[in-house]
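Colleague: Quick one: sequence plus predicted model below, questions after.
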Amino acid sequence: MPIESIHNTLQDLKKTLARHNYAYYVLDTPEMSDAQYDLLYQQLLQTEKAHPELITADSPSQRVGDQPLGHFQSVKHAVPMFSLENAFIQDDLVDFERKVNDKLVAEKVTEELPIAYAAEPKMDGLAINIRYESGKLVQAATRGDGSVGEDVTHNIRTIRSVPLELLGEGWPSVLEVRGEIFMSKAVFNQLNEISLQKAEKPFANPRNAAAGTLRQLDPKIASQRQLSLYLYGWGEISNDWSLPALYHKTIEQFKVWGLPTNPDAKVVYGAKGMADYYDQLQAKRKDLPYEIDGIVYKVDVLAYHSKLGFTTKAPRWAIARKFPAEEVWTELLDIEIQVGRTGALTPVARLRPVNVAGVMVANATLHNMDEIERKDVRIGDTVIVRRAGDVIPEVVGPVLSKREASSVRLFNMPSRCPECDSAVIKEHDKAVYRCTGGLFCPAQRKRALQHFVSRKAFDIQGLGDKLINQLADLNMVHHPDDLFSLTIESLSGLDRMAEKSAFKVISAIQAAKETTLARFIYALGIPEVGEVTAKHLANHFITLDNIQSADKDALLDVSDVGEIVAENIVTFFQQPHNQEVINGLIAAGIHWPTPQAQNRAIDSPFAGKVVVLTGSLMQISREDAKQLLEGLGAKVTGSVSAKTDYVIAGEKAGSKLTKAESLGIPVLSEQEWIEMSGVTNG
Ligand code: IVH
C-alpha cells in the first residue's frame, strides 16, 4: 500500500476514535461498543507499529508516554488562576446579589433585575489549566499558588475525555481552558476496594485520590485510574476569536469543540433562583456520579465581569455556596462485630448519634482490624466521622488531642464468633477474620438469605432484611429453597404481617421463580463470584450442569476467573449441603431460559456460525472477542468438532488448531477475522 493511503487510513482511524470518545465521554451517547472501539484502536496500534514514522502526538496511542518524568516542571500561568469567595448560608447569597446589583446600578447598567447567573456544581477535585495551540493540546498545569503551577501534561493526556486535538473549527490559535479534575465515585470506590484487598492504605476521599493521581510522575498510573474533567472557565485566549456575550454560551462553545462540560449546569435568576438550584442539587447530590462540595454561581453576562472586577483573591462576579461539612466529631461508644455472608467479621463503630450533613449517624464502618490498628482508633476516643455522598459513613480517625489515657480501651478481635460461638480464624496474609461456623452460624445464614433475595440476585421485593431475620429466627427458613415453600397462612401468622402484605410477599416469591442463569449463579453466594463473574460463567457454560461439572482448568478459561475464584467455585459445588439447596431450588420450580447467541446481525458472515477461539489474541480480550462474535450472530463454543464453522487462531494456538486443520475446518487469523467482521471501516 502506498504510504499516502496508509497515512489517510491512520487519519481516518484517529478521527473515528476521537469522535467516539467525544460521543462517549462528552455527549454521553456512545456510538459503538467497547469491543468495536478496541478493535479499531488495535488496528491503529498495528498500523503505527508498522509505520512508526507516521505517529503523531494527537494519536490516542500517544496518551500514555513511555517514560516516567524525573520531576515536575513549573509553569507560570499566562493569566492568574483565582479562587472563589465562599457563602455558607442563603443570606450570604442575598448579600452577594445586592453587591452585584449595586455595582451594576452605579455603572449605569440598565438591566431588568434579577439578573442571570450560571449555576454549576462545585466539583470536589483540583483546578487545571489546559492550553491548546492551533487546536492541539500543548500543556496542562495545576493551579499551584495561582500564578505558578506544576506541569502535569503527561497525566492530563491520559484522560480520555480530554481531546488531544480540538474538534470542529473556528477555535482561537491560543485557547486555555480551565476546569476541575476529579475522580468519579465509582472509580474511587473500585480503587479503594482494590487497596483494601491488598491491605494497602485506602484514599480518604475522591479528591485525595485525584490529587494523588495527578501528582504521579509516571503517566501509566493516571491512565489506569481514570480521572475525569469538567470545564468551568478559561485563561489566555488569543484575540483572533471573540468570546460570546454570555458565560454559559462560552462553555457551550467549548463543548462543541469536544471539551467535557458539566451536564448539571443551569442558568438561574437572582438569589431566589440560586436558592432553588441549591435545593435541587442538594436533593440530587447523593445520586450524582461525582462528589461536590457546593455550588458555584457566576454572573452570566461577560461584559459585567470587567465592571465587577476582582479582589486580591477572587472575582466579584462569582461565589461558591458550600454544603455543610460532611466530617464531624463524636464519641466512639463501642466497637461491635458484624458477621457477613461468608463469615468475614467486620468491626462496626457504635457512635454517640450525630448529625452529618443532614443525616443522623449512629454506626460507621471500621473496615477491618488492620484499619483499626493503622488509624489507632480506641473505644472512648473522640473520632472524626465522615459521610460523603452515597458512601457508607466511616470513622476517619481519632482526635488525639481529645484522648484521655484513662478513658480509652483498645479493641481486639474476638476469638469466637459472637453469633454462633464457632472459632474465628485469621486468613493467612489477609486482613480478614472469619467465623468458621458456615451455615451453622445464624448470622451467615441470614446474610446468605438477604443476598439471595437482593436486587441483583432474585430481586424479591417485600422480603426485606427484617423479615428475613424474623423468618430465620423462627426457623421458618433455613436455606434459600425454603423461601419457596412459604405460604400466605404461614406468613400471616407473623408479627405485624397482614394477609394483604403476606399475599404480596408470596406473589413476589412466586414471580421470582423465573430468572436467568447468571442471577441464579450470583444468588448462590459463591465467595468472590460477583454479578459480572456470574454473567461470564453463564455466557460461557450456557447450562448449570456445565458449570457444576467444570473443573478448575475449564473455569480458568472464563474471563475474570483466576485461580482463587476457580477453586471457590469447585469447592462450592462439591459441598453436599450446597447441592441439596440447588436441588431444592430446582425442585421448587426455579427456571431460566437457556442463554443463546442472538442472531441480530443476519448479514454478518458469522451469523448462525459455530466459532471457536483459540490461542492468545493480541488485539482484543477473549471476553470482548466473544461478545463481539455473539453480537455478529455467532455461537462461540469451547471445543472443536465437526460442527465448528470457523476457528479463530491467535498466537501460540495449540491442539484446537491442529484438530481444526485435521477436520478441514476453516482457520482465520485474528487479523483476517477482524477484517471479515467489517467493523473497521470507521
Ligand atoms: S470557578 C475565578 N467553577 O473551586 C473562578 N471553580 O474554591 C475560578 N471549583 O479553584 C473558579 N468547581 O478548583 C469554579 N464550577 C466551578 C468549580 C470550581 C470546582 C473549584 C476550583 C477553584 C475552587 C475555588
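Modeller: That came through, no problem. Residues are numbered from 1 along each chain as shown.
Colleague: May I ask you to name the longest helix in the protein?
Modeller: In the chain, taking DSSP state H as the definition, the longest helix is helix 3-21.
Colleague: In the very next helix or strand once past it, which residues are buried?
Modeller: Once the chain leaves helix 3-21, the next helix or strand it forms, by DSSP states H and E, is helix 34-50. Buried residues in helix 34-50, counted by 16 or more other C-beta atoms under 10 Å: 35-45, 47-48. (Glycine included, C-beta is placed from N, CA and C.)
Colleague: Check stretch 267-277 too.
Modeller: Counting neighbours by 16+ other C-beta under 10 Å, stretch 267-277 gives 268, 270-271, 273-274, 277 as buried.
Colleague: does residue 196 sit in a helix or strand, and which one?
Modeller: helix 185-197.
Colleague: Tell me which residues touch the closest residue to residue 55 other than its chain neighbours, please.
Modeller: Computed as C-beta to C-beta, 6 or more residues apart in numbering, the closest residue to residue 55 that is not its neighbour in sequence is residue 48, at 5.1 Å. Counting by C-beta atoms under 8 Å, 6 or more residues apart in numbering, residue 48 touches 10, 54-55, 59, 61.
Colleague: what about 7 Å?
Modeller: Contacts for residue 48 (C-beta atoms under 7 Å, 6 or more residues apart in numbering) come out as 54-55, 59, 61.
Colleague: Closest to the ligand out of the buried residues of helix 34-50?
Modeller: Of all the buried residues of helix 34-50, the ligand sits closest to residue 37, with 29.6 Å by C-beta to the nearest ligand atom.
Colleague: Skipping adjacent residues, who's closest to the closest one in space?
Modeller: residue 20 (5.8 Å).
Colleague: Could you do residue 121 as well?
Modeller: According to C-beta to C-beta, 6+ apart, the nearest residue to residue 121 is residue 292 (4.3 Å).
Colleague: Residue 276 versus that neighbour, what's the distance?
Modeller: 17 Å (C-beta to C-beta, to the nearest Å).
Colleague: And residue 587, by the same measure?
Modeller: For residue 587, the distance to residue 276 (C-beta to C-beta) stands at 57 Å.
Colleague: got it, and residue 126?
Modeller: Taking C-beta to C-beta, one finds residue 126 at 29 Å from residue 276.
Colleague: hang on, the earlier thing: now the helix holding residue 196: how far from the chain's centre is it?
Modeller: 9 Å (C-alpha atoms, centre = their mean, to the nearest Å).
Colleague: Repeat that for stretch 75-92.
Modeller: The answer for stretch 75-92 is 29 Å, by C-alpha atoms, centre = their mean.
Colleague: returning to what we had before: buried stuff in the longest helix of the chain?
Modeller: 9-10, 13-14, 16-18, 20-21.
Colleague: Checking the residue lying farthest from the centre of the chain next. Helix, strand or coil?
Modeller: Using C-alpha atoms, centre = their mean, the residue of the chain lying farthest from its centre is residue 108. It sits 50.1 Å away. At residue 108 the chain is in coil, as set by DSSP: H, G, I helix; E, B strand; the rest coil.
Colleague: Which pair of the contacts of residue 48 spans the longest distance?
Modeller: 54 and 61 (11.0 Å; C-beta to C-beta).
Colleague: residues making contact with stretch 77-95?
Modeller: 96, 127, 129, 141, 143, 146-147, 149, 176, 178, 235-236, 271, 274-275, 296, 310, 313-315, 318-322.
Colleague: How about residue 577: what's its closest non-neighbour residue?
Modeller: residue 439 is the one closest to residue 577 (C-beta to C-beta, 6+ apart), at 6.3 Å.
Colleague: cool, and residue 31?
Modeller: Nearest to residue 31 is residue 23, by C-beta to C-beta, 6+ apart, at 4.6 Å.
Colleague: Low-confidence stretches in the chain?
Modeller: 358, 388-391, 595-603, 678-682 (pLDDT under 70).
Colleague: Give me the most central residue, it.
Modeller: residue 186 (2.7 Å).
Colleague: residue boundaries of the strands in the stretch 551-682 of the chain?
Modeller: Applying DSSP state E, counting those that start in this stretch to the stretch 551-682 of the chain gives strands spanning 610-614, 635-637, 646-649, 667-669.
Colleague: Show me what the strand or helix carrying residue 224 is packed against.
Modeller: Per DSSP H and E: residue 224 is located in helix 219-225. Applying 3 or more C-beta pairs under 7 Å, 6 or more residues apart in numbering; DSSP states H and E, one finds that helix 219-225 contacts helix 153-156, helix 206-214.
Colleague: Output the ones you listed as a markdown table; include the columns distance to the ligand.
Modeller: Listed next are the helices and strands packed on helix 219-225 as a markdown table, based on distance: least, C-beta to the nearest ligand atom, whole Å:
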| stretch | distance to the ligand |
| --- | --- |
| helix 153-156 | 15 |
| helix 206-214 | 10 |
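Colleague: will you turn those helices into CSV that also has mean neighbour count?
Modeller: Converted to CSV, those look like this (neighbours: other C-beta atoms under 10 Å):
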stretch, mean neighbour count
helix 153-156, 23
helix 206-214, 21
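Colleague: how about those, which one is nearest residue 430?
Modeller: Of all the helices and strands packed on helix 219-225, helix 206-214 comes closest under C-beta to C-beta, at 22.9 Å.
Colleague: how about that closest one as PDB, C-alpha atoms only?
Modeller: C-alpha atoms of helix 206-214 as PDB (Å, rounded to 0.1, in the frame of the first residue of the first chain):
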ATOM      1  CA  PRO A 206     -12.100  11.000  45.800                       C
ATOM      2  CA  ARG A 207     -10.400  14.400  45.900                       C
ATOM      3  CA  ASN A 208      -7.300  13.000  47.600                       C
ATOM      4  CA  ALA A 209      -7.300  10.100  45.200                       C
ATOM      5  CA  ALA A 210      -7.500  12.600  42.200                       C
ATOM      6  CA  ALA A 211      -4.700  14.700  43.800                       C
ATOM      7  CA  GLY A 212      -2.500  11.600  44.400                       C
ATOM      8  CA  THR A 213      -3.000  10.500  40.900                       C
ATOM      9  CA  LEU A 214      -2.200  13.900  39.300                       C
END
